[in-house]
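Chemist: Could you look at this predicted model? Sequence included:
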Amino acid sequence: MRFALVLALPLALIAGCASQQEQIASQENMLSAAGFQPRPANTPERIAMLRRLPPNRFSMRAQGNTFIYIYPDPIDCGCVYFGDQSDYSRYRQTVAARQFANDQLLTAQEYNDASWNWGPWGGFNGFGY
């Protein structure tokens with residue numbers, strides 16, 4: 001039993017890391033596709049600023065009359081993604097569309113049961129099930 005647990009734990013951790021890596025890659029792809037520009041934290045000053053930002057969360061900063069959206073990624077790319085209002089709007093649209101598609105898929109999977117029998121329920125609105 002212990003041997004099985006010793007083997008299962010690293011496999012679970014690897015699977016979790018792969019899933020997390022996929023999520024990070026997906027996030028970076030959506031940011032780039034929306035128009036966000038990554039800038040590496042490649043100087044001591046940039047590294048210090050990156051550490052001050054909440055990781056993997058959007059922040060908004062005023063720059064004159066416009067707003068700049070900031071998304072720091074300290075783990076994967078060691079960079080900060082910068083975008084404007086239109087970039088952020090495109091990103092949110094992509095997230096909403098992806099969520100809608102996932103909801104549609106989940107709904108289809110939940111009700112796709114070939115063994116379901118409407119007979120005991122008296123049919124369903126004349127569909128003859």
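Modeler: Received, thanks.

Chemist: Could I get the full set of helices for this protein?
Modeler: 2-34, 44-52, 85-110 (DSSP state H).

Chemist: burial of Thr94, as a residue count?
Modeler: For Thr94, the count of nearby residues is 15 (other CB atoms under 10 Å). Just so you know, the C-beta spots here come from the backbone N, C-alpha and C atoms, and that holds for glycine as well.

Chemist: Verify the stated contact: it with Gly35.
Modeler: No - between Thr94 and Gly35 no contact is recorded; they are 10.8 Å apart, counting by CB atoms under 8 Å.

Chemist: longest single strand anywhere in the protein?
Modeler: For the chain, the longest strand by residue count, based on DSSP state E, is strand 66-73.

Chemist: Just grab the bridge partners of Gln63 for me.
Modeler: In this entry, Gln63 is beta-bridged to Thr66, by DSSP bridges.

Chemist: rewinding a little: which other residues reach the longest strand of the chain?
Modeler: 24, 27-28, 31, 36, 38, 50, 53-62, 79-85, 87-88 (CB atoms under 8 Å, 6 or more residues apart in numbering).

Chemist: Stretch 34-41 now?
Modeler: Stretch 34-41 is contacted from outside by 28, 31-32, 46-47, 49-50, 69, 71, 73-74, 77-84, 86-88, 90-91, 94, using CB under 8 Å, 6+ apart.

Chemist: again, only using 6 Å
Modeler: Contacts of stretch 34-41 with the rest of the structure, by CB atoms under 6 Å, 6 or more residues apart in numbering, involve 47, 50, 77-83, 87, 90-91.

Chemist: Now, of these, which are buried?
Modeler: Burial of those was assessed by neighbour count (16 or more other CB atoms under 10 Å); the buried members are 50, 79-83, 87, 90-91.
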